[in-house]
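> sharing a model that was predicted from the sequence below.
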Amino acid sequence: MVRSPNLQPNQVAFRVPPNCNKFDIHSYLTNIYGVNVQEVRTMNYATEHKRSRNGKTEVVQSAYKKAIVTINEPFVWPAAPEWCALDEQQHKLGTKAAGRKLKGWRFRASPEDKDKQKQVNQDLMAREQGSSGKK
């Protein structure tokens, strides 16, 4: 599934292989997921090539097909899990730390940033220990 902000509430966008046709997508969604499909629209996107400095062409993105499916009931994206928020916080704090490192040794983290980093690391460790205990 692809997040597309310009779609109607009862439309969903998918990224499918180029050899899939509308009938395949329609039958897949109705038979596997039990969704009532009203309409399927598809768009083909070509392979993107990029030329490197030494003159060789490289494939940047392979070809794909985008399908916009209209369903009977409105679709609502599920809420993001809480572990995504922890990873996002860790990424933001790490980016700030890397920026300080680039500025030189004189720019140290504030005590608030250090406390945030410790708290996020503790939460991540607790999550890891909890998931390893379940296995």
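Nice, thanks for sending it over.
> figure out how far the helix or strand of the chain with the lowest mean pLDDT is from the centre of its chain.
Lowest by mean pLDDT, DSSP states H and E among the helices and strands of the chain is strand 57-61, with a mean of 77. Strand 57-61 has its C-alpha centroid displaced from the chain centroid by 21 Å (CA atoms, centre = their mean, to the nearest Å).
> all helices for the protein, in order.
Secondary structure of the chain (DSSP state H): helices at 22-32, 82-103, 111-134.
> relative to residue 70, which of those is closest?
If you check each of those against residue 70 by CB to CB, helix 22-32 wins as the nearest, at 10.7 Å. Backbone N, C-alpha and C define where each C-beta goes, glycine included.
> show me where pLDDT drops low in the protein?
Counting by pLDDT under 70, the ranges of the chain that qualify are 83, 105-106, 133-135.
> neighbours of residue 100, just the number please.
16 (other CB atoms under 10 Å).
> quick check: residue 78 vs residue 4, distance?
Residue 78 sits 16 Å away from residue 4, taking CB to CB, to the nearest Å as the criterion.
> comparing those two, which residue is more hemmed in?
residue 4 (11 against 5).
> and for that one, nearest residue in space, chain neighbours not counted?
residue 13 (4.3 Å; CB to CB, 6 or more residues apart in numbering).
> how close does the one you found sit to residue 88?
Applying CB to CB to residue 13 and residue 88 gives a distance of 24 Å.
> neighbour-wise, which of these two wins?
residue 13 (16 against 12).
> isn't the more buried one up against residue 7?
Yes - counting by CB atoms under 8 Å, residue 13 does reach residue 7; the two are 6.3 Å apart.
> overlap in contacts, these two.
residue 68 (CB atoms under 8 Å, 6 or more residues apart in numbering).
> wait, which of the helices of the chain is closest to residue 55?
Across these, the minimum distance to residue 55, taken as CB to CB, is reached by helix 82-103, at 33.1 Å.
> kindly export that closest one (C-alpha atoms) in PDB.
Extracted C-alpha coordinates of helix 82-103, given in PDB (Å, rounded to 0.1, in the frame of the first residue of the first chain):
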ATOM      1  CA  GLU A  82       4.500   3.000  19.700                       C
ATOM      2  CA  TRP A  83       7.900   1.500  18.800                       C
ATOM      3  CA  CYS A  84       8.000   3.700  15.700                       C
ATOM      4  CA  ALA A  85       7.900   6.800  17.900                       C
ATOM      5  CA  LEU A  86      10.800   5.500  19.900                       C
ATOM      6  CA  ASP A  87      12.900   4.800  16.800                       C
ATOM      7  CA  GLU A  88      12.000   8.300  15.500                       C
ATOM      8  CA  GLN A  89      13.100  10.000  18.700                       C
ATOM      9  CA  GLN A  90      16.300   8.000  18.700                       C
ATOM     10  CA  HIS A  91      16.900   9.100  15.100                       C
ATOM     11  CA  LYS A  92      16.300  12.800  15.900                       C
ATOM     12  CA  LEU A  93      18.600  12.700  18.900                       C
ATOM     13  CA  GLY A  94      21.300  10.900  16.900                       C
ATOM     14  CA  THR A  95      21.100  13.500  14.100                       C
ATOM     15  CA  LYS A  96      21.500  16.300  16.600                       C
ATOM     16  CA  ALA A  97      24.500  14.600  18.100                       C
ATOM     17  CA  ALA A  98      26.100  14.100  14.700                       C
ATOM     18  CA  GLY A  99      25.500  17.800  13.900                       C
ATOM     19  CA  ARG A 100      27.200  18.800  17.100                       C
ATOM     20  CA  LYS A 101      30.100  16.500  16.300                       C
ATOM     21  CA  LEU A 102      30.600  18.200  13.000                       C
ATOM     22  CA  LYS A 103      30.700  21.600  14.600                       C
END
